[in-house]
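build me a structure from this.
(2 chains)
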Amino acid sequence: MRWSQIFIPTLREAPAEAEVPSHILLLRGGYVRQLASGIYSYLPLAQRVVLKITRIIRDELDRMGAQEFALPALHPAEIWQESGRWEGMGPNMFRLKDRSDRDMCLGMTHEEVFASIARNELRSYRQLPQIWYQIQTKFRDEPRPKSGLLRVRQFTMKDSYSFDVDWEGLDRSYRKHYDLYCRIYDRCGLRYRVVEASSGMMGGSQSHEFMVLTDAGEDMVVHCACGYAANLEKATAELEPLQDEAGPDTPQPVPTPGQKTIDDISRFLGIPASRQIKSLIYRFGNQPLLVLVRGDHQLNEAKLHAVLGGEAHPALPEEIPAVAGADAGSLGPVEVAGLRILSDHALHGRRNLTCGANRNDFHLSGVTPGRDYQAEYFDLRVVQAGEACARCRSPLSIHKALEVGHIFKLGTKYSESMGATVLNSQGREVPVVMGSYGIGVESAGRPEGASGGQVQGCRPGRDSLPDQFREPQAGHGKGGMGGTSYRKDHGSRSGQAELPCAKPAFGRRLSDSRIEPVNIPACRAEAFGHGAVTGVGWMTPVVSMPARYGYSWERGRDSIWTRLPE
RNA sequence: CGGGGCGUGGCUCAGCCUGGUAGAGCACCUGGUUCGGGACCAGGGGGUCGGAGGUUCAAAUCCUCUCGCCCCGACCA
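Next comes the predicted model:
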């Protein structure tokens, strides 16, 4: 294989549709091409990355005793109907019909398929524990694919599943995966953080996400110096208790013409948002709910879903009057009939608050929870930066983050719904206790991950580097480069330098790399030599520069090329 | 799904408002010169202007519809 034959189609200018830095770099560096929205072709360079990462993953999983499967991507509807997720997944699932008009779908994940194997084949606790995995393509019809490879509709996932006879066994399998993931990401060179996560529609009792902090991420992570870290969907915090003055014995109606929002009321009545009750009507199935949070707080829908055990949605504006007697903007918990009322803890013990009167253009002041209305109390609010850590009381910080892995204790959700049981040592039939564990393979190779958040100076770990382009070599190509001597040596024509692939040319475009950094292989030099935004982090071929040109590059301790002092 | 933007050689874009010859840079091909850090000279190929319909003597340009892509939001293992 010769350098001139290697297919690495770099782009001098970024295609107009790319905006996110990592996407631009991947496109310009000749890694990927877009086929449709959220669907990408991996060119040889990207495929090389994927293979290296999957090699690491296989290596670690096999060493842990996991066994690799290859499951179908095309599924019959029945197994999804059994688990209840045929409906639950909604429009995110790619659905189709076969020629006999049977419902089919493309797999979003494989709990159902693995569970169906388990129920047919696992009979006794003596066969447990089992850890099964595969590395496979997943399909998800995302509402809005975005940001290059950040949110796609087809991607590669390593998914593994543990099967244990009891919960203690699940704890062990879960812990093994936790440690395993750390090893895998370490080898991939990611700078990540493990955070507590909510289980979402996977169900289950406990869950951690592996996150890379980056502004390109779509998740928010709350974190504290003491080590506490959680997804914002899950995070909790301590609040300063607020003191309220005593108010009237009964709520007092106040005319508030045209005042709808919390801010409106703050201005109109001079009452701070923290002394108001924010009242939201939600629909859970057919049942309407009234959800209350403090006026200056935000409802955390993930927490609401967790409390309810299912998804609730905001009521539509036209549904609200029939439920509450007034439009949104004048709602409150006092004297509502037949509504389940869920309240955030922050309203507990307060008094003399203000809320809507369930009558358009009126509010109530002097409202005291517990006296004027009864509610069920839960943690329902979104944590805000600066609030006190629940463990150590230090202020919490919030960062954007990119999820690269997620592990779940599923428990018996799937084994019960799908009838996967074994006989335990007492001879009793018990549902298998499952865990599920996923790694987004492409995510693990993204520039943000490799660089710990910044798309610049990426430093991929040894194992995710390409192994083919390592030797320094001068001379290539047409025009000003490569050099006569080289051409003579190899008898190639101008513009057609033929170099053995193992010793690729390096500096074809190096001189301009400071402004045109992405081109292979020049970007490496740029990435390590200067601070600018450059370099395709995904294992761009690494090259070194002969010292006689005034630059010296050498392989660094962590197997990247770093610049030597001049 | 709501809002916004964009579709013109491979890439980036101009042209559109005010209809009349489809352009530039880069890329590509040929020949020559040069060539140890994105060479130069000469020549050349390549575009149903996303698609359909309409208005007009005439449409890249005006109108209608439609498809695609991007961004913001909603949503999201």
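
switch to C-alpha atoms for all contacts and neighbour counts from now on
Fine.

for chain A, what's the longest strand?
Looking across chain A with DSSP state E, the single longest strand is strand A:397-411.

now the most centrally placed residue in chain A, which residues is it bridged with?
With distances taken as C-alpha atoms, centre = their mean, residue A:403 lies nearest the centre of chain A, 3.0 Å away. With DSSP bridges as the criterion, residue A:403 is bridged to residue A:211.

contacts only, for it.
A:209, A:210, A:211, A:212, A:217, A:219, A:443 (C-alpha atoms under 8 Å, 6 or more residues apart in numbering).

so residue A:404 touches residue A:208, yeah?
No - with contact defined as C-alpha atoms under 8 Å, residue A:404 does not count as touching residue A:208 (11.0 Å).

circling back: run the chain-centre distance for the longest strand of chain A.
6 Å (C-alpha atoms, centre = their mean, to the nearest Å).

is RNA strand B within reach of it?
Yes - interface with RNA strand B: strand A:397-411 contributes A:403, A:404, A:405, A:406 (C-alpha under 7 Å from any atom of the strand).

most surrounded residue in the residues you listed?
residue A:403 (26 neighbours; other C-alpha atoms under 10 Å).

can you pull the pLDDT of that one?
pLDDT recorded at residue A:403 is 84.

try the one 4 residues further on
The predicted local confidence for residue A:407 comes out at a pLDDT of 92.

SS state for the closest residue to it other than its chain neighbours?
Spatial nearest neighbour of residue A:407, chain neighbours left out: residue A:437 (4.2 Å); criterion: C-alpha to C-alpha, 6 or more residues apart in numbering. Classification of residue A:437 using DSSP: H, G, I helix; E, B strand; the rest coil returns strand.

okay, now the closest residue to residue A:297 other than its chain neighbours: neighbour count?
Distance criterion C-alpha to C-alpha, 6+ apart; nearest residue to residue A:297, sequence neighbours excluded, is residue A:381 at 6.4 Å. Neighbourhood size, residue A:381 [other C-alpha under 10 Å]: 26.

please report how far residue A:381 lies from residue A:232.
10 Å (C-alpha to C-alpha, to the nearest Å).

residue A:262: how many residues sit nearby?
22.

I figured it hits residue A:278, correct?
Yes - assessed by C-alpha under 8 Å, residue A:262 is found in contact with residue A:278 at 7.3 Å.

tell me, what's touching these two both at once?
residue A:295.

one step back: next, the contact list for the residue nearest to residue A:407, please.
A:158, A:159, A:160, A:161, A:177, A:405, A:406, A:407, A:408.

that older thread, just the CA coordinates for the longest strand of chain A, please, in CSV.
Provided in CSV are the C-alpha atoms of strand A:397-411 (Å, rounded to 0.1, in the frame of the first residue of the first chain):
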residue,chain,number,x,y,z
SER,A,397,-21.1,23.5,40.2
ILE,A,398,-22.8,22.5,37.0
HIS,A,399,-21.1,21.6,33.7
LYS,A,400,-22.2,20.4,30.3
ALA,A,401,-21.1,16.9,29.6
LEU,A,402,-21.2,14.2,26.9
GLU,A,403,-22.3,10.8,27.8
VAL,A,404,-20.0,8.0,26.7
GLY,A,405,-21.3,5.1,28.7
HIS,A,406,-24.2,4.2,31.0
ILE,A,407,-24.7,1.3,33.3
PHE,A,408,-28.0,0.2,34.9
LYS,A,409,-29.1,-2.2,37.5
LEU,A,410,-32.2,-3.4,35.8
GLY,A,411,-33.3,-5.8,38.4
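
using PDB, write out every CA atom in whichever helix or strand comes after that strand.
Next in sequence after strand A:397-411, counting helices and strands by DSSP states H and E, comes helix A:413-418. Taking only C-alpha atoms (Å, rounded to 0.1, in the frame of the first residue of the first chain), the coordinates of helix A:413-418 have been written out as PDB:
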ATOM      1  CA  LYS A 413     -38.100  -5.600  35.200                       C
ATOM      2  CA  TYR A 414     -37.400  -7.600  32.000                       C
ATOM      3  CA  SER A 415     -37.100 -11.000  33.500                       C
ATOM      4  CA  GLU A 416     -40.500 -10.700  35.100                       C
ATOM      5  CA  SER A 417     -42.300  -9.200  32.100                       C
ATOM      6  CA  MET A 418     -40.700 -11.800  29.800                       C
END
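
residue A:346 should be in a helix, yeah?
Yes - assessed by three-state DSSP, residue A:346 belongs to a helix.

in terms of pLDDT, where does it sit?
Residue-level pLDDT assigned to residue A:346 equals 90.

try the one 4 residues further on
Here the pLDDT value assigned to residue A:350 is 91.

contacts for stretch A:213-230 next, please.
Counting by C-alpha under 8 Å, 6+ apart, A:20, A:192-197, A:231-232, A:235, A:385, A:389, A:391-392, A:394-403, A:448, A:452-454 sit against stretch A:213-230.

neighbours of residue A:318, how many?
10.

swap that for residue A:287, sorry
Neighbour tally, residue A:287, other C-alpha under 10 Å: 11.

and chain A, what are its domains?
Using automatic domain parsing, the domain ranges for chain A come out as A:1-30+A:471-566, A:42-212+A:404-448, A:252-378.

and those: which comes nearest residue A:243?
Distance to residue A:243, taken as C-alpha to C-alpha, is lowest for domain A:252-378 among the domains of chain A, at 7.7 Å.

end to end, how far does that closest one reach?
For domain A:252-378, the end-to-end distance is 27 Å (C-alpha to C-alpha).
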